[in-house]
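Engineer: sequence unknown, structure follows:
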């Protein structure tokens, strides 16, 4: 789960924001702008696009906060808006010129991280950002939503307007692409700094 869940906002602030109080809007922005930016950057990989998405996210938050019912934490609600805005960006016609969202796929089951050879230990020598950057926008988004944000395949499918099989397939394909990078990152290094060749 990301940082959104750790941010506590007084219900009185949310009520004031729902009435259009500019100071309450500012408090929400200051509390959540950084995690929203980080999330959007994970999807877009381009700081300028992430900054635009932060603005779009907060415009939507201010427009919709009067409808926020408080059934979940406000951070979860804001995170969902940021995810939706990011995925809309990836699906947009402008972005799809370089890569279509409807990536072809085989119907595979994702399975557990460990069955794909991906370690859950944070100490493993791997640059996660660099590895994720090698995935397609769609695969990277599914990995991030599933493994970091904790969304289910059903929720991811709803976000993307796809089936659960699509989400599972994208996750499985992403793991397959990440596995060789993990194996390289985890190779023992000899005294002269070269990776062991195994012979």
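Structural biologist: Thanks, I have it. All values derive from a computational prediction rather than experimental measurement.
Engineer: Ramachandran angles for residue 70?
Structural biologist: With angles defined as degrees, to the nearest 10, residue 70 sits at phi 80, psi 20.
Engineer: Kindly provide the distance from it to residue 11.
Structural biologist: According to C-beta to C-beta, to the nearest Å, residue 70 stands 7 Å off from residue 11. Bear in mind the C-beta positions are built from the backbone N, C-alpha and C, glycine included.
Engineer: what do you get for residue 151?
Structural biologist: The gap separating residue 151 from residue 11 is 25 Å, by C-beta to C-beta.
Engineer: okay, these two: which has more neighbours?
Structural biologist: Set residue 151 next to residue 11 and count neighbours by other C-beta atoms under 10 Å: residue 151 wins out with 20 against 9.
Engineer: For the chain, give me the ranges with low pLDDT.
Structural biologist: 1-2, 93-129, 182-199 (pLDDT under 70).
Engineer: In it, which residue is most central in space?
Structural biologist: Centroid-nearest residue in the chain: residue 144, 3.9 Å away (criterion: C-alpha atoms, centre = their mean).
Engineer: list the buried ones in the helix or strand hosting residue 30?
Structural biologist: Element membership for residue 30, per DSSP states H and E: helix 22-44. Of the residues in helix 22-44, 24-25, 27-29, 31-32, 35-37, 39-44 count as buried by neighbour count, 16 or more other C-beta atoms under 10 Å.
Engineer: how about the helices in the chain?
Structural biologist: Using DSSP state H, the helices of the chain run over residues 11-18, 22-44, 47-64, 74-91, 93-96, 128-133, 137-143, 153-160, 164-186.
Engineer: Mind listing residues that contact the second one?
Structural biologist: Applying C-beta atoms under 8 Å, 6 or more residues apart in numbering, the set of residues contacting helix 22-44 from outside is 2-4, 7, 9, 13-14, 16-17, 47, 49-51, 53-54, 57-58, 61-62, 65, 74-75, 78-79, 82-83, 85-87, 89-90, 132, 137, 140-141, 144, 148-149.
Engineer: Kindly report the same for the first one.
Structural biologist: Contacting residues not belonging to helix 11-18 are listed as 23, 24, 25, 27, 28, 62, 65, 66, 68, 70, 74 [C-beta under 8 Å, 6+ apart].
Engineer: From the contacts of helix 22-44, list just the buried residues.
Structural biologist: Among the contacts of helix 22-44, those scoring as buried are 2, 4, 9, 13-14, 16-17, 49-50, 53-54, 57-58, 61-62, 65, 74-75, 78-79, 82-83, 85-87, 89-90, 132, 137, 140-141, 144, 149 (criterion: 16+ other C-beta under 10 Å).
Engineer: No further questions, thank you.
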